[in-house]
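Peer 1: mind looking at a prediction? Sequence and model below.
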Amino acid sequence: PAAAIISPPIDAICGGGLSLCVVVIVIAYTWLTGAAASQAIVAIQAYLVTDLLINGPHFMASYRLLYSRPSNFRDHPIVSILMPILAVAFLGYVAYWCFVDPESTSQYQLEIIVWLNWVAPIFLGWHYMGQSWGMTACFAYIGGLRMTPTERRLIRSGFHALFVYHVAWAYDSMGFVQGVLADDDAGKYLMEFVMSTCRMGVFVGFVLGLWGFRRLSRREGKKIPIRVWLPWLATFSWYVMVDVNAGSFFLLQAFHALQYLTFPIRVEL
């Protein structure tokens, strides 16, 4: 009876409300104690619990949606056919080299692994931001709000800024650039500059998003429902949490998965 994916309260809780509360706790704990969040979190095995109960099901729900309709093989052959073939071929390649040269995996990474490490943050960041934007746009649509192209660009600019930050943060955390430009710590100083620039970009994107929501609210003549802006605000809070404490990145994965799970539930219903 209600215009919602599950119900307005559940949409708000899963779409960003719960994650926002957890983020505030993690950031406050880190600032007040000066301890790494990962130390407290690993102590209670939270990673295993969230991965088992939230992140794993979010992948399985995707597979069910993709492969439950034969027409998807025709409409989406790259995702449904080509990507699984490439994945199996990749696993076979790695297994082959482990069999041929068992010592190699403990001494160096295969070149294909190195390239995947560079590419993975790009795909993952675009995936995270695409879903968060889709969440915001979907809740706005079912809430009766219709964005103009300008409003869409303003609100979505924050997600684009977060995507750039995600990629830069991943490269910085894994030391890719620092390893390539090791002379005189050139890579270190370059990444410090890049990260500072990305943080400023995220702040600008946040302000532009607020402007976009304000324009939308004034034009439509009504307040923006909380479940519309919660996914937007929560996504920003995730990356503040990661910036403060890199060990909490797995929580970001769980928040992303929890956001998503309401949609396959809706499809099943």
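Peer 2: Arrived safely, thanks for sending.
Peer 1: and Leu258, how far from His58?
Peer 2: 8 Å (CB to CB, to the nearest Å). C-betas here are computed from N, CA, C, even on glycine.
Peer 1: who has more neighbours, the two?
Peer 2: Shown here are Leu258 and His58; by other CB atoms under 10 Å, Leu258 has more neighbours (21 against 18).
Peer 1: so Thr235 is in which element?
Peer 2: Using DSSP states H and E, Thr235 falls within helix 226-244.
Peer 1: that helix: which residues count as buried?
Peer 2: Across helix 226-244, burial judged by 16 or more other CB atoms under 10 Å covers 226-239, 241-244.
Peer 1: looking at this structure, which helix or strand is least sure?
Peer 2: Lowest on mean pLDDT, DSSP states H and E among the helices and strands of the chain sits helix 37-43, with a mean of 53.
Peer 1: hmm, back to that, which strands or helices does the helix or strand just after the helix holding Thr235 pack on?
Peer 2: Going down the chain from helix 226-244, the next helix or strand is helix 249-268, by DSSP H and E. With contacts taken as 3 or more CB pairs under 8 Å, 6 or more residues apart in numbering; DSSP states H and E, helix 249-268 sits against helix 18-33, helix 46-50, helix 56-67, helix 111-142, helix 226-244.
Peer 1: report the angle between helix 249-268 and helix 226-244.
Peer 2: 150 degrees (axes from the mean of the first three to the mean of the last three CA atoms, to 10 degrees).
Peer 1: before we move on, back to that, CA-only coordinates of the helix holding Thr235 in CSV, if you can.
Peer 2: Extracted in CSV, the C-alpha atoms of helix 226-244 (Å, rounded to 0.1, in the frame of the first residue of the first chain):
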residue,chain,number,x,y,z
ILE,A,226,14.5,11.3,4.8
ARG,A,227,15.0,8.1,2.8
VAL,A,228,15.9,10.1,-0.3
TRP,A,229,18.9,11.9,1.2
LEU,A,230,19.9,9.2,3.7
PRO,A,231,21.8,7.0,1.1
TRP,A,232,23.5,10.1,-0.2
LEU,A,233,24.6,11.3,3.3
ALA,A,234,25.4,7.8,4.5
THR,A,235,27.8,7.2,1.6
PHE,A,236,29.7,10.3,2.4
SER,A,237,29.9,9.2,6.0
TRP,A,238,31.3,5.8,5.0
TYR,A,239,34.4,7.4,3.4
VAL,A,240,34.9,9.8,6.3
MET,A,241,35.0,6.6,8.5
VAL,A,242,37.5,5.0,6.1
ASP,A,243,39.6,8.1,6.0
VAL,A,244,39.8,8.2,9.7
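Peer 1: per-residue confidence for the spatially most central residue of the chain?
Peer 2: The structure's the chain has its C-alpha centroid closest to Tyr128; by CA atoms, centre = their mean the separation is 3.0 Å. Per-residue pLDDT puts Tyr128 at 94.
Peer 1: give the contact list for the closest residue to it other than its chain neighbours.
Peer 2: In space, and not counting its chain neighbours, Tyr128 is closest to His256: 5.5 Å by CB to CB, 6 or more residues apart in numbering. Counting by CB atoms under 8 Å, 6 or more residues apart in numbering, His256 makes contact with 58, 128, 131-132.
Peer 1: from Ile5, how far out is His256?
Peer 2: For His256, the distance to Ile5 - CB to CB - is 16 Å.
Peer 1: same question, Val167
Peer 2: On the measure of CB to CB, Val167 and Ile5 end up 29 Å apart.
Peer 1: and for Gly187?
Peer 2: Distance from Gly187 to Ile5, by CB to CB: 44 Å.
Peer 1: all set now, cheers.
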